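Trainee: pasted the sequence and its predicted model underneath.
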Amino acid sequence: MRTFDAIIIGAGQAGPSLAGRFNDAGKTVAIIERKHVGGTCVNTGCKPTKTLVASAYAAHLARRGADYGVVLDSPVKIDMPAVMRRSHQVTLDSRHGNESWLEGMPNCTLIRGHARFESKDTVRVGDELLTAPQIFLNVGGRAAIPDFEGIGDVPYMTNSDIVMLDRVPEHLVIVGGSYIGLEFAQMYRRFGAQVTIVEKGPRLIGREDEEISEAVRGILEAEGIKVRTGAECIRFSKHRDGVAVGVNCTEGEPEVIGSDILLAVGRSPNTDDLGLDKAGVETDTRGYIKVGDDLATNVEGIWAMGDCNGRGAFTHTAYNDFEIVAANLFDGESRKVSDRLLGYALYIDPPLGRVGMSETEAKKAGKKILVGRRPMTQVGRAVEKGETQGFMKIVADAETKQILGAAILGTGGDESIHGVLDMMNAGATFDELRWAVPIHPTVSELWPTVILSMQPG
Ligand SMILES: Cc1cc2nc3c(=O)[nH]c(=O)nc-3n(C[C@H](O)[C@H](O)[C@H](O)COP(=O)(O)OP(=O)(O)OC[C@H]3O[C@@H](n4cnc5c(N)ncnc54)[C@H](O)[C@@H]3O)c2cc1C
Ligand SMILES: NC(=O)c1ccc[n+]([C@@H]2O[C@H](COP(=O)([O-])OP(=O)(O)OC[C@H]3O[C@@H](n4cnc5c(N)ncnc54)[C@H](O)[C@@H]3O)[C@@H](O)[C@H]2O)c1
């Protein structure tokens, strides 16, 4: 049995940085990874998808060249193997960078294999037993595969497969109309595929305000993407042209025939094969590890960070989990996950940047609110760039003047939202954002105008 000061299971977005802190503190740490260092984000999530989104944007702009007076003599062609190689190289560079970083730490041992608890302080990897008084779980998640009728009879992809695809499907049917589904939908449409999104809910990205769902749907449909919402009867069967996806039992065409299927219907935590019962670690009904505000589990000496604790589902929330745990263990702080203000972006084009509460959530919370909104056609920078789709929106507390949340569906929205996010983190009122003097010409310069437009909501 090998003994360490700490064991980390999973080299995703929190584990490697925590290993770095143990190493720097002169403590021995083992980090165990069963597949690729970097986890979902680096290998099958953020990195490859955002690189593919960049290729799709290049194709889109090239097709729009004439709008800018740029003349291309022949139609735009997609070299999908080259697109995929570029994306994969970005992943490999990042994965290898992470590996050499971990391997270069004198007090850190990177162990390859699947880890499973034998007891609360002992973990098995293959034939080897490892023990430590402190164990940190960073095991992430994988694509959920619901028990759809016929799913076992047809070929399908998840995000892990499609990021390695080096051909353009003739007709890609995407089941799930949320973050993963929409990013792949627009990207593959721009690569030249026919694309249909099948969503069981009444609208796309159902957690957002209805006007955002509608605007996003309009943007995607304008590019020729078909959207079937309210698909309550999803089932699969073989078809001579690929796969038949049963969509609706009651209205509309009952089936969509696709050459390829992508499942994008949520994630499941990688906690079912960890031997958590042997350690006595509790999970909720969906398998997420239960943690307190300091990310400690119910078992002393065991913490859970990242997607597997169900407190976040993003790379930045996983990394912030590391920051919280490290600050509390090494820096004498008492950081809490409940202090985190959630921001995120959806990387369609134009992107959706979001922070804090939606208007719907603020109303549900019983707050007296003010809501401001302005179309992107009023943003000079957007007009100059020829990218005026979308709108900006801010929600504030009418009594305290606190900013409750904001959304920007528009060019540069993933960056511009940070102006509001930073103000909210600083506890500023909307007056302070209104009197900031933003740079011209930027997308962010419209935030003061959005605030001036606020009306009771
Ligand atoms: C297609 C897609 C696009 C995304 N885009 C974005 C984005 O743009 N922005 C964003 O913020 N988030 C994005 N995400 C979400 C983001 O990837 C995750 O939130 C993030 O990777 C979570 O990090 P993590 O460290 O919790 O887990 P992971 O990154 O999943 O890492 C967990 C690691 O643990 C390993 N592991 C699991 N079990 C064991 C075991 N028993 N033994 C040893 N090793 C084990 C796994 O192999 C994996 O390497 C995207 C996700 C997907 C699927
Ligand atoms: N830009 C980003 O930051 C980004 C991008 C991609 C993914 N992610 C992360 O990955 C996570 C997973 O994304 P996702 O889009 O797979 O999941 P999601 O949980 O956001 O959405 C799943 C979608 O599938 C639908 N669905 C669920 N079960 C279904 C069923 N049985 N039949 C039909 N439809 C069903 C839901 O109605 C929903 O629209 C997100 O929570 C997000 O945090 C982030």
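Mentor: Structure received. Ligands and ions are numbered 1, 2, ... in the order given.
Trainee: which helix or which strand is home to the single nearest residue of the stretch 351-457 of the chain relative to ligand 1?
Mentor: Ranked by C-beta to the nearest ligand atom, the top residue of the stretch 351-457 of the chain for proximity to ligand 1 is Asp414, at 9.1 Å. Yep, even glycine has a C-beta here, placed from its N, CA and C like the rest. Using DSSP states H and E, the element containing Asp414 is helix 413-425.
Trainee: what does this protein put close to ligand 2?
Mentor: 146, 175-181, 183, 199-201, 206, 234, 264-267, 313-314, 344-347 (C-beta under 6 Å from any ligand atom).
Trainee: in contact with Thr283, which residues are there?
Mentor: By C-beta atoms under 8 Å, 6 or more residues apart in numbering, the contact list for Thr283 reads Pro269, Thr271, Leu276, Ile289, Lys290.
Trainee: take the residues you listed and keep only those in helices.
Mentor: Leu276 (DSSP state H).
Trainee: counting neighbours, which of the contacts of Thr283 comes out on top?
Mentor: Highest neighbour count within the contacts of Thr283, by other C-beta atoms under 10 Å: Ile289, with 26 neighbours.
Trainee: look up which residues are beta-bridged to the spatially closest residue to that one that is not a sequence neighbour.
Mentor: By the measure of C-beta to C-beta, 6 or more residues apart in numbering, the closest residue to Ile289 outside its immediate chain neighbours is Ala304, 4.0 Å from it. On the basis of DSSP bridges, Ala304 takes part in beta bridges with Leu137.
Trainee: Ala304 and Ala279, how far apart?
Mentor: 11 Å (C-beta to C-beta, to the nearest Å).
Trainee: ok, Asn159 next?
Mentor: Here Asn159 is placed at a distance of 29 Å from Ala279 (C-beta to C-beta).
Trainee: same deal with Ile394?
Mentor: For Ile394, the distance to Ala279 - C-beta to C-beta - is 45 Å.
Trainee: identify the residues contacting the closest residue to Leu409 other than its chain neighbours.
Mentor: Excluding its sequence neighbours, the residue lying closest to Leu409 (C-beta to C-beta, 6+ apart) is Gly390, at 3.7 Å. By C-beta under 8 Å, 6+ apart, the contact list for Gly390 reads Ala215, Ile219, Pro350, Pro375, Met376, Ile408, Leu409, Gly410, Thr411, Gly413.
Trainee: per-residue confidence for Gly390?
Mentor: Per-residue pLDDT puts Gly390 at 98.
Trainee: in helices only, show me the residues of the chain next to ligand 2.
Mentor: Short answer: these in helices (DSSP H) are Tyr179, Ile180, Gly181, Glu183.
Trainee: out of the residues you listed, which is nearest to ligand 1?
Mentor: Of those, the one sitting nearest to ligand 1 (C-beta to the nearest ligand atom) turns out to be Ile180, at 4.7 Å.
Trainee: I am finished for the moment; much appreciated.
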